[in-house]
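In: let me see the structure of the following:
(chains A and B)
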Amino acid sequence: MSATSWLKSKVKNWQIGREMGYPYEESRPEKQIAYVFDINKCIACQTCTVACKTTWTSGKGQEIMFWNNVETKPYGGYPIRWDLNVLKKLDGQSWDKNRTYNGNTVFEAAPQGERVSGWLPEEEDYSYPNIGEDECSGIVERGDYFSGIHKVWMFYLARICNHCTYPACLAACPRKAIYKRKEDGIVLIDQSRCRGYRECVRGCPYKKTFFNLVTRISEKCIGCYPLIEKGEQPRCVQTCIGKIRMQGFLSKPDSPRKNNPLDFLVYFKKVALPLYPQFGLEPNVYYVPPIHVPKEFLYQMFGPGVDDAIETYKGAKDDKELLGAFLLFGNSDKIIHSFKVEGDYALGFNDTGELVAKVPFTEPVYVRPYFDKKEGTYRHNIS
Amino acid sequence: MRGYETAMLGRVALLLILSSVLFIGPQVAYLEQEQNVIKSVKVKEVPFKDVSSSIWKNAPVSQVNVMPQNMTPPLLQTPSIKEITVRSVHNGEWIAFLLEWEDETRDAAVDVDKFTDQVAIQIPLTPKNLPAFMMGNKGGRVHIIHWKAIWQDDIEKGYRDVQVLHPNYWVDLYFFSDKPPIYAEGEFPLQPTTVDYFITPEALNFIPGAYARNPISMLHRTQPVEEAIAEGFGTFTTQPKQNAIGWGKWENGLWKVIIARPLITDDPNDASIWEESYIAFAVWNGSDKNVGARKHYAPWVKLVVEK
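Out: Predicted coordinates for the structure are as follows:
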């Protein structure tokens, strides 16, 4: 059996600009759950991590399971070296000038007899979820802080399941216990069908399926589907105090809608990029790349769109529509299906056209008297 | 997957023919036996639990060579088991198989990187129209009885819980667990066990596999074996009615496992064994990360039930 003979279908992956081999036919959902994370604003407070943990994974057997985690790059990683171990397996990840990926995806690189080029973490790899936290890429030399841009760098990478268009977990499961919902593209492990082979844990390059040693089967991020079904954004998005996240639905790549904030940021402005597009899964969490990190590192992590994305992001102050889309982040629990800028406000609407977010471009300032005659007291904070 | 499966079935058929010639080892001199046949001898009493019972000496010994799973990805890349020794007895009502194989380590725990030792037998529902030897095929159903070392430990030693593998894990609170941690005076408090303290529906919400009644997540197991039915790769389905029994013992690098079942049942998912049928085997080495399709197997061997 040749290594790729079981990749029966040729599917279109817009993120790598070409067709690729996949075991199942292209079958895009009616709506695709997607997220944009502006990690320039992330402070790694881990509120998202804790919100997810207390909601979904506080049971026995889930002790070291974080469906959502925030790690510090370059040294952090949960599980340890999750990305380095995959990158090592993919030789020559080059892109041509038309932004077509020339290398192999994790499906195409699968060794003979394997479904995906993967690796199985050990229990200890999950034991240090905050390893490398706040560590920067080198030593800050004395006086560096006077000299403008630092030579050393670090950034926070918030991670959840990417609810990929071509999930490797789904491809790796020999029992077809993993499925992608037609109605919203959420990828789920059927908890009554899984038999705990851990092929998905081995196969997912993002390492976002987990083994539960009490139930002896695998589990993963469920996209907070009970909230999604109510038209609300997931817990990790709602609770983000830095307002770095927006969840919505991404249109099919051939029919983007400009007033859909997700489409606008991903397809039109191209300011948010997929994480490791070269893996070939068409992941659906899109990141605004950090603007102060060496480009080589970012090219490897977010692909060839990095320069344009950063330039666009830096120009957001002069692009009212783009700024408006960003202002809607974290300002409504409801899923925003369309948006517009009206005067000095960014407006967000749900799927029935109802207004669910109204955010001013400039926060109003109210100045109150230092001494409040009515209360008979002095104020320390008067604005 | 259909075209692919058809192609695989063709290979299955070819291998089936080859295997009947190649994979049954030569006779060994324990007791007379016919080549390519496992003979189940009639005894008065079937030893259900006693792997060392002298009753087994009545049964001829068959050595069945096993090979790494090479039909459907993921394949078993590196085999670590060469053969299984099989004996069979019956009492007219129950038939039992004693399966022995060499395994240096007793692996009976699971964690993300830990796998349990296992063995399984497979019998066709329609021996006259023999299904594919690996998991059967569409329309050609097979009855599988699967034993796992971890299930044996669940029964012998209690449910293999977090604290068995990780005695020093500490969690402040498991939501809705029925009781808080036990604080014995002067001692380190005990964490709640899954079986004892996760009994309310609210608590079971946090044990999703058990809540979904996944047979793998069964907290109260009475037998270390599971009966299933299959009709092709990826179709292994636990039978609603479980009537097989089993028991295993590991000693000095050797697993001895008994799998027993009624000869004839009225369960439509069971393969009744009249005088002649076939049997196939699969065996997994936990320490070598064998699991699921990453297994050793032996294709159909003729099974003759002595009158």
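In: what parts of the stretch 101-250 of chain A come near chain B?
Out: Taking Cβ under 8 Å from any Cβ of the partner chain, the part of the stretch 101-250 of chain A that reaches chain B is made up of A:112-115, A:120-123, A:126, A:172, A:174-176, A:191-199, A:201, A:210-217, A:219. Just so you know, the C-beta spots here come from the backbone N, C-alpha and C atoms, and that holds for glycine as well.
In: let's see 6 Å
Out: Contact residues (Cβ under 6 Å from any Cβ of the partner chain) of the stretch 101-250 of chain A with chain B: A:113-115, A:122-123, A:174-176, A:191-192, A:195-197, A:211, A:213-217.
In: could you flag which of those residues are buried?
Out: Neighbour counting with 16 or more other Cβ atoms under 10 Å in any protein chain shown marks A:113-115, A:123, A:174-175, A:191-192, A:195-197, A:211, A:213-217 as buried within those.
In: and the residue most central in space within chain A, how far from chain B?
Out: Geometric centre of chain A, nearest residue: residue A:285, 3.1 Å, by Cα atoms, centre = their mean. As defined by Cβ to the nearest Cβ, to the nearest Å, residue A:285 lies at a distance of 23 Å from chain B.
In: let me see the contact set for that residue.
Out: By Cβ atoms under 6 Å, 6 or more residues apart in numbering or on different chains, the contact list for residue A:285 reads A:35, A:162.
In: give the closest residue to the residue of the stretch 201-350 of chain A found nearest chain B in space, chain neighbours not counted.
Out: Residue nearest to chain B within the stretch 201-350 of chain A (Cβ to the nearest Cβ): residue A:215, separated by 2.9 Å. Leaving aside its sequence neighbours, residue A:215 sits nearest to residue B:209 (Cβ to Cβ, 6 or more residues apart in numbering or on different chains; 2.9 Å).
In: and if you look at residue A:54?
Out: Nearest non-adjacent residue to residue A:54 (Cβ to Cβ, 6+ apart): residue B:175, at 7.9 Å.
In: for residue B:273, same thing?
Out: Nearest non-adjacent residue to residue B:273, counting by Cβ to Cβ, 6+ apart: residue B:263, 5.1 Å away.
In: try residue B:233
Out: That would be residue B:72: by Cβ to Cβ, 6+ apart, it lies 5.0 Å from residue B:233.
In: for residue B:223, same thing?
Out: Nearest one to residue B:223, counting by Cβ to Cβ, 6+ apart, is residue B:245 at 5.4 Å.
In: what are the bridge partners for that neighbour, then?
Out: Beta-bridge pairing for residue B:245 (DSSP bridges): residue B:260.
In: same question, residue B:226
Out: Bridge pairing for residue B:226 - DSSP bridges - gives residue B:146.
In: then residue A:12?
Out: Here residue A:12 sits in beta bridges with residue A:19, as judged by DSSP bridges.
In: distance check, it against residue A:280.
Out: Distance of residue A:12 to residue A:280, computed by Cβ to Cβ, to the nearest Å: 12 Å.
In: higher neighbour count, these two?
Out: More neighbours surround residue A:280 than the other of residue A:12 and residue A:280, with 29 against 17 (other Cβ atoms under 10 Å in any protein chain shown).
In: the more buried one and residue A:20 touch, don't they?
Out: Yes - taking contacts as Cβ atoms under 6 Å, residue A:280 lies within contact range of residue A:20: 5.4 Å.
In: mutual contacts of those two, please.
Out: residue A:105.
In: from residue B:143, how far out is the residue nearest to residue B:273?
Out: 12 Å.
In: neighbour-wise, which of these two wins?
Out: residue B:143 (24 against 17).
In: what helices and strands are in contact with the helix or strand where the more buried one lies?
Out: Assigned by DSSP states H and E, residue B:143 falls within strand B:142-148. Using 3 or more Cβ pairs under 6 Å, 6 or more residues apart in numbering or on different chains; DSSP states H and E, the elements in contact with strand B:142-148 are strand B:118-124, strand B:225-230, strand B:254-262.
In: any idea which of those is most buried?
Out: strand B:118-124 (a mean of 25; mean count of other Cβ atoms under 10 Å in any protein chain shown).
In: which strands or helices does that one pack on?
Out: Using 3+ Cβ pairs under 6 Å, 6+ apart, strand B:118-124 is in contact with strand B:142-148, strand B:276-284.
In: the longest one close to chain A?
Out: No - for strand B:276-284, no contact with chain A is found by Cβ under 6 Å from any Cβ; the gap never falls below 10.7 Å.
In: give the buried residues for that strand.
Out: In strand B:276-284, counting by 16+ other Cβ under 10 Å, buried: B:277-284.
In: with pLDDT as added columns, please give those residues in a markdown table.
Out: Shown next, in a markdown table, are the buried residues of strand B:276-284 (pLDDT from 0 to 100):
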| residue | pLDDT |
| --- | --- |
| B:277 | 97 |
| B:278 | 97 |
| B:279 | 98 |
| B:280 | 98 |
| B:281 | 98 |
| B:282 | 98 |
| B:283 | 98 |
| B:284 | 98 |
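In: nearest to residue B:113, of the residues you listed?
Out: residue B:284 (15.1 Å; Cβ to Cβ).
In: the closest one bridge partners, please.
Out: Beta-bridge pairing for residue B:284 (DSSP bridges): residue B:118.
In: please verify my assumption that it contacts residue B:294.
Out: No - using Cβ under 6 Å, residue B:284 is not in contact with residue B:294, being 7.5 Å away.
In: mutual contacts of these two, please.
Out: By Cβ under 6 Å, 6+ apart, no residue touches both residue B:284 and residue B:294.
In: for chain A, see how far away the residue nearest the centre of chain B is.
Out: In chain B, the residue lying closest to the centroid (Cα atoms, centre = their mean) is residue B:146, at 2.2 Å. Distance, residue B:146 to chain A, by Cβ to the nearest Cβ: 10 Å.
In: residue B:258 reaches residue B:248, doesn't it?
Out: No - with contact defined as Cβ under 6 Å, residue B:258 does not count as touching residue B:248 (7.1 Å).
In: nearest spatial neighbour of the residue of the stretch 1-150 of chain A found nearest chain B, skipping sequence neighbours?
Out: Distances between the stretch 1-150 of chain A and chain B by Cβ to the nearest Cβ are smallest at residue A:59, namely 2.8 Å. Ranked by Cβ to Cβ, 6+ apart and with sequence neighbours excluded, the top spatial neighbour of residue A:59 is residue B:206, at 2.8 Å.
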